[in-house]
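The sequence isn't on hand, but the structure is:
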C-alpha cells in the first residue's frame with residue numbers, strides 16, 4: 001500500500017482528497033495536517049467521515065510528515081507550499097502540489113503574479129505540469145508534480161487540439177470562465193460572503209488573474225508560438241463547477257464536422273475527456289462530482305467557439321491530483337475516480 005499524506009486537509013481540496021483516497025484500493029492515508037490547536041480526529045472536523053476514517057489531523061512539520069509517508073499532497077495556499085515541498089523532496093519523498101507555487105517555470109513571472117520572490121526557485125525547472133493529457137510520460141517519473149489550476153484545466157483542454165493542429169490564430173484566444181464559490185477556498189472573505197454572492201454574477205481580476213501566465217506558458221509550448229490570451233473569470237452563486245467559453249478565429253476555412261472529428265480523434269483513449277456530439281454543449285450538472293472535462297464545439301463563419309465544463313474541486317483540483325498519483329505509481333489512471 002502506498003502511504004499518503006495530505007498537508008492542508010481542512011480546505012475544500014483537502015477534504016475532496018480525503019473523500020477520494022479513503023476508498024482508493026492502493027492507498028493508506030497515513031498523515032493529515034492542518035492548522036489545529038491540538039490533534040483532532042478528522043471525523044471531528046468532517047462528521048461525514050465518522051466510522052470511515054479515524055486518523056488524527058495534526059499541526060506537524062513537513063519533516064514529521066515525511067517520516068510517515070511515501071507521497072504527500074500539498075493542499076496548501078499559494079506561497080506556503082514552496083516552503084514545505086523542499087523539505088519533503090530532500091527527504092526522498094514525492095510531492096503533488098495543488099497550489100500555484102511550482103506551475104510557472106520563470107521565477108520572475110512568479111514574483112510578478114504572486115507578489116513575492118519564490119522561496120525555492122531551484123525546483124521550478126524540475127516540477128512537471130500535472131496535466132496527463134499533455135505531460136503523461138513526464139509525470140510518470142516526476143518527483144514533484146505541479147497540479148494545474150482549475151481555470152487552466154478547463155481552457156487548455158478546450159483549445160489543445162486546435163493549437164496542436166495550427167487551426168486558430170495565435171492572437172485570437174479569448175476565454176470567459178464562470179466558477180462556483182469553492183474556487184475561492186474555504187477561508188471566508190467579503191467577496192464570498194453569502195449576501196455578496198447570492199443572486200449575483202460578478203467578474204473579478206479581469207485579464208489580471210494569476211492563472212493567466214500558467215495558461216500562456218502551456219499554450220505557448222503546445223503551439224510553438226507565443227500565446228497571450230484574454231481571460232475574464234466570473235464568480236457565480238454555485239458551490240462548485242467551472243464553465244468556460246473560449247472564442248478563437250480560424251486561420252483557414254474549415255467545417256464543424258471536421259473540427260468535431262479532430263477533437264474526437266485527438267482525445268481518443270483519454271479517460272477523463274468527453275467530446276459531446278454536434279449541437280450539444282456541456283453543463284455543470286453533468287460533471288459535478290466527476291473527474292471529467294466535457295467539451296462542445298461550434299463553428300460560426302471563421303469563429304470557433306469551444307465550451308468546456310469541469311468540477312473545479314475534482315478535475316480542477318483533487319481529482320486531477322489523484323489522476324496524477326495514479327500515473328506516477330502505475331495504477332490504472334481512473335482508479336478511485338470512477
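Arrived safely. Quick caveat, the model's predicted, so the values are computed rather than measured. Numbers count the residues shown, from 1 in each chain.

Can you tell me what sits against the least confident helix or strand in the chain by mean pLDDT?
Within the chain, no helix or strand scores below helix 194-197, which has a mean of 80 by mean pLDDT, DSSP states H and E. Helix 194-197 is touched from outside by 181, 190, 202, 235, 237, with contacts defined as Cβ atoms under 8 Å, 6 or more residues apart in numbering. Bear in mind the C-beta positions are built from the backbone N, C-alpha and C, glycine included.

ok, 6 Å please
Residues outside helix 194-197 that contact it (Cβ atoms under 6 Å, 6 or more residues apart in numbering): 181, 237.

What residues sit buried inside that helix?
Using 16 or more other Cβ atoms under 10 Å as the burial criterion, the residues of helix 194-197 that qualify are residue 197.

Quick check: mean pLDDT of the next helix or strand after it?
The helix or strand immediately downstream of helix 194-197 is strand 202-203, counting by DSSP states H and E. In this model, strand 202-203 carries a mean pLDDT of 93.

Buried residues, the helix or strand that comes right after strand 202-203. List them.
Sequence order places helix 212-223 as the next helix or strand after strand 202-203, per DSSP H and E. Neighbour-count burial for helix 212-223 flags 212, 213, 214, 215, 216, 217, 218, 219, 222, 223 (criterion: 16+ other Cβ under 10 Å).

Tell me the one of those residues nearest residue 167?
residue 223 (10.4 Å; Cβ to Cβ).

What count of nearby residues applies to the residue nearest to that closest one when sequence neighbours are not counted?
Of all residues not flanking residue 223 in the chain, residue 163 sits nearest, at 4.2 Å (Cβ to Cβ, 6 or more residues apart in numbering). Taking other Cβ atoms under 10 Å as the criterion, the count of residues near residue 163 is 22.

likewise the one 3 residues further on?
The number of residues packed near residue 166 is 13, by other Cβ under 10 Å.

what angle separates the host helix or strand of the residue nearest to residue 223 from helix 212-223?
Residue 163 belongs to helix 150-164 when assigned by DSSP H and E. Relative orientation of helix 150-164 and helix 212-223, computed by axes from the mean of the first three to the mean of the last three Cα atoms, to 10 degrees: 20 degrees.

Buried ones in helix 150-164, by neighbour count?
For helix 150-164, the neighbour count (16+ other Cβ under 10 Å) marks 150-163 as buried.

Could you list the residues in contact with it?
Here helix 150-164 makes contact (Cβ under 6 Å, 6+ apart) with 168, 175, 177, 183, 211, 214-215, 218, 222-223, 242, 244, 246, 262-263, 266, 293, 295, 306, 308, 310, 312, 315-316.

got any ranges where the stretch 101-250 of the chain has weak pLDDT?
Where the stretch 101-250 of the chain drops to pLDDT under 70, the residues are 186, 188.
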